[in-house]
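Novice: Any chance you could fold what I've pasted below:
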Amino acid sequence: MRCIKSNVDTQSVEFRTFEKHNKKLMATLHARQQKVRFDRPQRDIKRLRRQKKLLVRERIDLLLDPGTPFLELSTLAANTAYEGTVPSAGVVSGIGIVNGREVLVMASDSSIKGGAWYPLTVKKMVRTLDIAIENHLPMIHLVDAAGAFLPLQSGLFPDRYMAGRMFRNQCVLSAMGVKQVALVLGHSTAGGAYVPTLCDYSVMVRGTGGVFLGGPPLVKAATGEEVSADELGGADVHGSISGTADYAVNSEQEGLALVREIVGTFPREIKAAVERRESEEPYYDPRELYGIIPDDVKKQFDMREVIARIFDGSRFHEFKPGYGTTVICGFAFLYGWKVGIIGNNGVLFSDSAQKCTQFMQLCNRDRIPLVFLQNITGFMIGKSYEHGGITKDGSKMLMVQANLDIPKLTIMTNGSFGAGNYAMCGRAFDARFLFTWPNSQISVMGMEQAAKTLTQIRIKALQRQGKSLQDEEAQKIHDSIAQDYMEKSSAYYSTSELWDDGIIDLADTRKVLGISLSVALNREFTETPNGVLRI
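Specialist: A predicted model of the protein is given here:
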């Protein structure tokens, strides 16, 4: 594979302008991440210290192998919801290394409302368990939750992908043979009692850990029986009488050490067979991405320049370089693993959709994971394009992409609009992991088109009611719609709603993709039964 020849002038005014803009975005991202990870009211910290409890990230630090990376998922979940009072949606999840094994950690944050579950908490927990299922990834549950936040119970309890889905997913993991370990550090009540009991191994901390379908107040109200939490469902009760727990320990530190020991008995993962060579760093500095990505979502950039700063040696073999040029397809290596890449360099036309379809079939047949680099305004519209079969060709791309068996990883690099989001493996099309850059926007169409369309509809509705508007009034309607649309298409709104697996720093993209790909290869995948068609 040839090294990409970069055409970027790192000394140009444009580069410096973009670099300054993106570094400011990164500083904002890091500040917001720092806040949700560590800013807690002192009263909550003191309460946990009185109970001899560690903070959630202190627990994770003791659990993980020293010096190894931890890829935290959806750090900014719920950042625009609940008036900002439930940072990270009240639960920390991520991929780390424990006793040399890749694991998925899901840990209650009891410094937030006692670890209570909000609707977005449940959504995040279900997504975390989905990741374990999709990637055959062992799970460690650090349980310390007050159960459902009752005022919002209708938004987290009854539907298909609400709280019951967590327990269903745990059952599926067990049937798949994917290991699960629970460490109960606080109360696990009502439905939450099933989290540790559905695990292969359950450890409870004496004095603070408790598992019961109904806590002491509910027992008193329902039966009149007075009983302490420890007598009802403490570590010694479940470790020695009911058999619900497998181990009882005297401290959180002891419990975390025991979990590490248990994980050490797990067999090591056997990775799916993918072409492999020695890894090498990109020839170009990943931090140069700050000067490549524009300061306006409407400005274009060459996706080859992005590829050159993420993949091994900045080497890339481009497929069909002279055909369907608004999309780039080709092969590269990521930490030594061979991958296919599909990246946008403009709107999708029929020829670019056909090119992607053929390339994806090649990757699926040859067992090559795919990385999608999204910067897409959508499929081309208009009479001549409809007559040329743009909808038909787009459907072929969707059909093949949806049914790939190989791992798919997606990065939202800039804009993601309309059906282009779907074709380039957006959330609905089951990328194993999907991460967003802080500059990116996502919506059914661009803000300007949407604001103009919605403004026209609003004005015509008022006119039918016999009302006339001055230009200034029409502009106010437009500006109000545009402001709301911009807020709800931003990366921060997207990640708050868990439409991605987290916002990441541009310069960290290679590392994030590397961890994600390693995990995705824990699950074997099959070859397509069909040959490759020249579409």
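Novice: Secondary structure element for the residue nearest to Leu198 when sequence neighbours are not counted, which one?
Specialist: Among residues not flanking Leu198 along the chain, Gln170 sits closest, at 4.1 Å (Cβ to Cβ, 6 or more residues apart in numbering). Every C-beta, even on glycine, is put in place using the N, C-alpha and C of the backbone. Assigned by DSSP states H and E, Gln170 belongs to helix 163-176.
Novice: can you give me how far the next helix or strand after that helix is from the chain middle?
Specialist: Sequence-wise, the next helix or strand downstream of helix 163-176 (DSSP H and E) is strand 180-189. The chain centre lies 24 Å from the centre of strand 180-189; the measure is Cα atoms, centre = their mean, to the nearest Å.
Novice: Which helix or strand lies directly C-terminal to strand 180-189?
Specialist: helix 194-197.
Novice: Need the residues that contact the helix holding Gln170.
Specialist: Identification of contacts with helix 163-176 by Cβ atoms under 8 Å, 6 or more residues apart in numbering yields 117, 122, 125-126, 129-130, 132-133, 136, 139, 148, 156-158, 180, 191, 194-195, 198-200.
Novice: Helices - which of those residues land there?
Specialist: Using DSSP state H, the members of the contacts of helix 163-176 that fall in helices are Val122, Met125, Val126, Leu129, Asp130, Ala132, Ile133, Tyr194, Val195.
Novice: need these in JSON lines with pLDDT and distance to Gly210, can you?
Specialist: Formatted as JSON lines, these follow (pLDDT from 0 to 100; distance: Cβ to Cβ, whole Å):
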{"residue": "Val122", "pLDDT": "97", "distance to Gly210": "21"}
{"residue": "Met125", "pLDDT": "98", "distance to Gly210": "20"}
{"residue": "Val126", "pLDDT": "98", "distance to Gly210": "24"}
{"residue": "Leu129", "pLDDT": "98", "distance to Gly210": "23"}
{"residue": "Asp130", "pLDDT": "98", "distance to Gly210": "28"}
{"residue": "Ala132", "pLDDT": "98", "distance to Gly210": "25"}
{"residue": "Ile133", "pLDDT": "98", "distance to Gly210": "28"}
{"residue": "Tyr194", "pLDDT": "93", "distance to Gly210": "14"}
{"residue": "Val195", "pLDDT": "95", "distance to Gly210": "13"}
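Novice: Out of these, the closest to Phe433 would be?
Specialist: Asp130 (11.0 Å; Cβ to Cβ).
Novice: secondary structure element for Val203?
Specialist: strand 201-205.
Novice: what packs against that strand?
Specialist: If you count contacts as 3 or more Cβ pairs under 8 Å, 6 or more residues apart in numbering; DSSP states H and E, strand 201-205 packs onto strand 180-189, strand 247-249, helix 252-263.
Novice: Could you list the paired strands of the shortest one along with their orientation?
Specialist: Yep, that's strand 247-249 we're talking about. strand 201-205 (parallel) (DSSP bridges).
Novice: next SSE after the strand it pairs with?
Specialist: Scanning onward from strand 201-205 (DSSP H and E), the first element met is strand 210-212.
Novice: Need the residues that contact that following strand.
Specialist: Defining contact as Cβ under 8 Å, 6+ apart, one finds that strand 210-212 is touched by 184, 186-189, 193, 196-197, 204, 219, 229-230, 232-234, 238, 244-245.
Novice: in that strand, what counts as buried?
Specialist: By neighbour count with 16 or more other Cβ atoms under 10 Å, strand 210-212 contains the buried residues Gly210, Val211, Phe212.
Novice: now that strand: mean pLDDT?
Specialist: What strand 210-212 shows for mean pLDDT is 94.
Novice: Start the count at 796 instead of 1 going forward.
Specialist: Yes, from this point I'll number from 796; that puts the last item at strand 1005-1007.
Novice: Take the very next helix or strand once past that strand, keep the C-alpha atoms, and write them as PDB.
Specialist: Using DSSP H and E, the helix or strand that directly follows strand 1005-1007 along the chain is helix 1011-1018. Output of helix 1011-1018 as PDB, limited to C-alpha atoms (Å, rounded to 0.1, in the frame of the first residue of the first chain):
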ATOM      1  CA  PRO A1011     -37.200  -2.900  54.800                       C
ATOM      2  CA  PRO A1012     -39.700   0.000  54.400                       C
ATOM      3  CA  LEU A1013     -41.700  -1.900  51.800                       C
ATOM      4  CA  VAL A1014     -41.600  -5.100  53.800                       C
ATOM      5  CA  LYS A1015     -42.900  -3.100  56.800                       C
ATOM      6  CA  ALA A1016     -45.700  -1.500  54.700                       C
ATOM      7  CA  ALA A1017     -46.700  -4.700  53.000                       C
ATOM      8  CA  THR A1018     -46.400  -7.300  55.800                       C
END
